[in-house]
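> 3D model of this:
(chains A and B)
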Amino acid sequence: MIRYEAIGMGACCQGRCGFCRERGGAYRDLDSLLAELRQAHRPLNLYFSSGHAAGNPALAPLASQAVLEGARRLKVKVSGAGRLDADLLALLLARGVMIYEIECLGPTAAVHDGITGIKASFRGVERTLDLLVRGTARTRACGRPFVSVVMPVCEGNVESVGVMKDRMKAWRPDRLVFLNTGTVAVSRVVFELRSSISALVVDEVWPVLSGFPFCAIPGLEHFAQELYDRQVSHPAALFCQNCLFSRHCCGVSGAYLAEHGAADFHAVVWHRYQEDLVQLMDRAAPPSAELDRERLERGGDA
Amino acid sequence: MKTPMVVVLVSLNRRGHYSLALHYLKRYALLDKEIKRHVRFHVVEPSVEDHTKWMAARILMYRPAVVGFSCNVWNIVRTLKVARLLKRACPTVRIVCGGQEMTHTCIDYMGLNPCLDVRVDGEGEGPFSELLKRYLAEAPLDDVRGLQFRGSGGVVTTPPADPLADLNVIPSPYLHGDIVIRPEHNLGMMVETSRGCRYKCAFCFEGGRFPNVRCFSMERVEDEISAMARRGVRTYHVLDPILANADPGRLEAFHRIVEKHLRPRGPYTLSVEVHAELLRPETMKYLRSFTAFDVGLQSITPEALRWLKRSLSLDRFREGVRLLGELDRQTNLYLILGLPGENFFRHLNSIRFCVEQNASRLFLNHLCVLNGTALRREAERTQLRFARTPPYVAHSNYSFSELDMQLGHVFGNTVMREHDAQVRGPVFGETGVPP
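Numbers count the residues shown, from 1 in each chain, chains lettered A, B, ... in the order given. Model (predicted):
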């Protein structure tokens, strides 16, 4: 719902997740980051993105400069690779970085570590989440950050989607984003999701479905990412052309259709709340140039 | 000499609050010579979370002849428990209830609660004073307006009382030293500058209670603020829904009071309610004195606004919030979840509009169908279902299903947390530093 301007901190991830292209690389230096900061749109809601953004030593000075330039919200991507400790978190909170996003690929070490290929990376996720949500005396003095967990759904963890709710009950983040990586049949993911969603809501963890076309999530439209934020969109497939939501929906990628077919999708021609949904998404829709840029950044197939 | 009649005035307060109403009642009643001579007042303000028996014991300690309760949505359940206990322990004590919860009520409190002897409906100062005079004279209550009481043939309701024509006749509890502001009082000094509201929003008490807006004189407000400033109070909350949009002369006078009595003493916090659409560039300079603004938007859905009897121009609202933003003060936006005419997606649309305004904080409150409001009286027309116990939280209505309302509640909490997770700015309750 809140729009952030992303500043890539430089890919520096050792994970070997099959669905992700960010691997290895190096962090960007402070000068280039400051140059990008100066060009960011106002009001400043910044998202320091990329694999292990919090590990970039330039983050703290960059955050300080952003605050000096009037930033309202600072969000950063952290990882379970052990680079966020209580000292660093207290420093970041003191600099105004109050929103944190962390990827978790499954509810157990076997699933998570199996996908990342890094031993004990799940333990790192657990430790980081515990630090973010419960904190230490020092970090609590700086305020409770907003914590969002992202679960990219892929072949290695699709069976675990339904179990994530149990983990969330213990971890208590603010939000859980199920991210469709397009590598698994959507119907399989949605089947698993249905068992999770109501339990998450009861536990006051708001679930978000990112990258799932409207036609594939009947009854779960409340959680569609399109309602809250801009979305990466794919060129409309033939079946999308008569759909009520064709202008707003993330759509389906060509690669997905080639691999899994179009059986899970259809044009939505009637919806009980169609006018309200369209009005809402019209308000949320970003300009197309921004979408194109984001699509390229994310490696979409436009 | 006649034994004085002991009157205990009670308000079960939320943590961090105090009751201004009790002191108004006491000070107004003491204007009468007979009351002054023959009545002894005690004000008791326990926390609503205190133990019921302990509260009752604390009241009975004074051996009261009359106990007056100030009833509000947050304390009515506990208040009635205490009243029942008092009546059981001391059947001769006369129990009088007044306050927002008793005004224009849709609930038959007298019928449902035999422990209550009198219900005061509406502004309490006048009727309560008259009531005490009748008790002193052991005279019947039939000619006191604004009451419901138990007569020989059952419950008697008298015609509504006229509101006081001039609010300045009520002596100021602040100037009499009745109220001591302590650090735990979240709102600090509650500065009541008027009663009533020119808007008649269906969910709110304020507009419906009084036909007209009446104001305390600015001289009195100045005396009160200057007295409290001298006592070291640094947090002030203005109880006036229209001050910021009042005629420029009144706003300018308030601005001068702040400049004269608050600013020279260092940092302070001063909050006020604002109708953003009605802000005018020429009066913004007077709003510089304030450190926080509460802006009630409630909804942007036209159908919901029709039920609320509110009008809204989005462009003017945006402009108003922009003007407030230029002041660089804390601006809080308020929305209501569960209004008739809204649904989950329309509510989200209202939230999105609020988020776009870049306010300091966002407050998404669940609709409470308050007793005595127009929305409550029209509940059948809107198929409004709500809890039968205070705070009367709405469950569903003709357009908003129960499930969607629950989802909206959880979503609202999430979005509030993210919205407010901002780089630190001034936060209400801390002392602001206006330049």
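> Could you report the pLDDT at B:Val6?
B:Val6 carries a pLDDT value of 97.
> Now it: which helix or strand?
strand B:5-10 (DSSP states H and E).
> Likewise for A:Ile99?
Using DSSP H and E, A:Ile99 sits in strand A:97-103.
> For that strand, give the mean pLDDT please.
Mean predicted confidence for strand A:97-103 is 94.
> for whichever helix or strand comes after it, packing partners?
Next in sequence after strand A:97-103, counting helices and strands by DSSP H and E, comes helix A:109-116. Using 3 or more CB pairs under 8 Å, 6 or more residues apart in numbering or on different chains; DSSP states H and E as the contact test, the elements touching helix A:109-116 are helix A:121-133. The way it works is simple: take the backbone N, C-alpha and C, and place the C-beta from them, glycine included.
> the inter-axis angle of the helix it packs on versus helix A:109-116?
Relative orientation of helix A:121-133 versus helix A:109-116 (axes from the mean of the first three to the mean of the last three CA atoms, to 10 degrees): 110 degrees.
> residues of helix A:121-133 that come out buried?
Buried residues in helix A:121-133, counted by 16 or more other CB atoms under 10 Å in any protein chain shown: A:Ser121, A:Phe122, A:Gly124, A:Val125, A:Glu126, A:Thr128, A:Leu129, A:Leu131, A:Leu132, A:Val133.
> Could you list the low-confidence segments of the stretch 1-150 of chain B?
Where the stretch 1-150 of chain B drops to pLDDT under 70, the residues are B:1.
> try the stretch 301-435 of chain B
For the stretch 301-435 of chain B (pLDDT under 70), the answer is B:424-435.
> just to revisit the earlier point, the strand holding B:Val6: how far from the chain's middle?
Remark: strand B:5-10 is offset 22 Å from the chain centroid, using CA atoms, centre = their mean, to the nearest Å.
> what's the next helix or strand after it in contact with?
For strand B:5-10, the following helix or strand on the C-terminal side (DSSP H and E) is helix B:21-29. If you take CB atoms under 8 Å, 6 or more residues apart in numbering or on different chains as the criterion, helix B:21-29 is touched by B:9-11, B:35, B:39, B:41, B:43, B:45, B:68, B:70, B:98-99, B:124-126, B:128-129, B:132, B:169-173, B:176, B:178-179.
> Output the longest helix belonging to chain B.
helix B:402-420 (DSSP state H).
> Can you tell me which residues in chain A are near chain B?
A:1-2, A:43, A:67, A:71-74, A:96, A:98-99, A:143, A:145-146, A:174-175, A:201, A:204, A:206, A:222, A:227-228, A:273, A:276-277, A:279-280, A:283-284 (CB under 8 Å from any CB of the partner chain).
> Give me the PyMOL select line for those residues, limited to the buried ones.
When burial is assessed using 16+ other CB under 10 Å, the buried subset of the residues of chain A next to chain B is captured in PyMOL by this command:
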select buried, chain A and resi 1+2+67+71+72+73+74+96+98+99+143+145+146+174+175+201+206+222+227+228+273+276+277+279+280+284
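> so what's the closest residue to chain A within chain B up against?
Here chain B gets closest to chain A at one residue, B:Val423, 3.4 Å apart by CB to the nearest CB. Shown here is B:Val423, whose contacts under the criterion CB under 8 Å, 6+ apart are A:Val67, A:Ala71, A:Arg72, A:Arg73, A:Leu74, A:Gly96, A:Met98.
> Of these, which belong to helices?
Among the contacts of B:Val423, the members falling in helices (DSSP H) are A:Val67.
> Could I get the contacts of B:Val423 in a markdown table, plus columns for distance to B:Ser19?
Formatted as a markdown table, the entries for those read as follows, by distance: CB to CB, whole Å:
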| residue | distance to B:Ser19 |
| --- | --- |
| A:Val67 | 41 |
| A:Ala71 | 42 |
| A:Arg72 | 38 |
| A:Arg73 | 39 |
| A:Leu74 | 42 |
| A:Gly96 | 39 |
| A:Met98 | 36 |
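> Tell me how many other residues crowd B:Thr79.
24 (other CB atoms under 10 Å in any protein chain shown).
> check contacts around it.
Applying CB under 8 Å, 6+ apart to B:Thr79 gives the contacts B:Val10, B:Leu12, B:Phe69, B:Cys71, B:Cys97.
> With A:Ser196 instead?
Under the criterion of CB under 8 Å, 6+ apart, the neighbours of A:Ser196 are A:Val161, A:Gly162, A:Met164, A:Lys165, A:Pro207.
> Assumed it was part of a helix.
Yes - secondary structure assignment (DSSP: H, G, I helix; E, B strand; the rest coil) places A:Ser196 inside a helix.
> before we move on, the earlier item: from the contacts of B:Val423, pick the one nearest B:Ser401.
Each of the contacts of B:Val423 was scored against B:Ser401 by CB to CB, and A:Arg73 proved nearest at 32.2 Å.
> in the sheet, who's paired with that closest one?
In this entry, A:Arg73 is beta-bridged to A:Asn45, by DSSP bridges.
> What's the local residue count around the nearest residue to B:Leu314 once chain neighbours are set aside?
Nearest residue to B:Leu314 in three dimensions, chain neighbours excluded: B:Ile300, at 6.4 Å (CB to CB, 6 or more residues apart in numbering or on different chains). Per other CB under 10 Å, the neighbour tally for B:Ile300 reads 20.
> got it, and B:Val272?
B:Val272 sits with 24 neighbouring residues when counted by other CB under 10 Å.
> which of the contacts of A:Ser196 has the most neighbours?
Neighbours here are counted as other CB under 10 Å. On that basis the top member of the contacts of A:Ser196 is A:Met164, with 27 neighbours.
> Am I right that it falls within a strand?
No - remark: A:Met164 does not belong to a strand; assigned using three-state DSSP, it is helix.
> I'd assumed A:Leu105 was in contact with it.
No - applying CB atoms under 8 Å as the test, A:Met164 and A:Leu105 come out as separate, 10.0 Å apart.
> Need the overlap of contacts for those two.
A shared contact of A:Met164 and A:Leu105, defined by CB under 8 Å, 6+ apart, is any residue touching both; here these are A:Met151.
> Spit out the contact partners of residue 53.
You didn't pick a chain, so chain A it is. With contacts defined as CB under 8 Å, 6+ apart, the neighbours of A:Ala53 are A:Met9, A:Leu59, A:Val76, A:Lys77, A:Val78.
> not quite, I wanted chain B
With contacts defined as CB under 8 Å, 6+ apart, B:Lys53 is in contact with B:Leu85.
> picking that back up, for the residue nearest to B:Leu314, which three-state class applies?
Using three-state DSSP, the three-state assignment for B:Ile300 comes out as coil.
> can you tell me which residues contact it?
By CB under 8 Å, 6+ apart, the contact list for B:Ile300 reads B:Leu312, B:Leu314, B:Asn349, B:Ser350, B:Phe353.
> Show me what the mean pLDDT comes to for the strand or helix carrying B:Met284.
In this assignment (DSSP H and E), B:Met284 forms part of helix B:284-287. Per-residue pLDDT values over helix B:284-287 give a mean of 92.
> What is the neighbour count of residue 223?
Chain wasn't specified; assuming chain A. Other residues lying near A:Phe223 total 24 when counted by other CB under 10 Å.
> Let me rephrase: I mean chain B.
What B:Asp223 shows, counting by other CB under 10 Å, is a neighbour count of 16.
> try B:Trp54
Neighbourhood size, B:Trp54 [other CB under 10 Å]: 11.
> Grab the nearest non-local neighbour of it.
In space, B:Trp54 comes closest to B:Pro46 once its chain neighbours are excluded; the distance is 7.6 Å by CB to CB, 6+ apart.
> List the contacts of that neighbour.
Counted by CB under 8 Å, 6+ apart, B:Pro46 has contacts B:Val10, B:Leu12, B:Asn13, B:Trp54, B:Met55, B:Arg58.
> surely the third one meets B:Ser47?
Yes - under the contact definition of CB under 8 Å, B:Asn13 touches B:Ser47, with a separation of 6.2 Å.
> Who has more neighbours out of the two?
Taking other CB under 10 Å, B:Asn13 and B:Ser47 do not tie; B:Asn13 has more neighbours (21 against 14).
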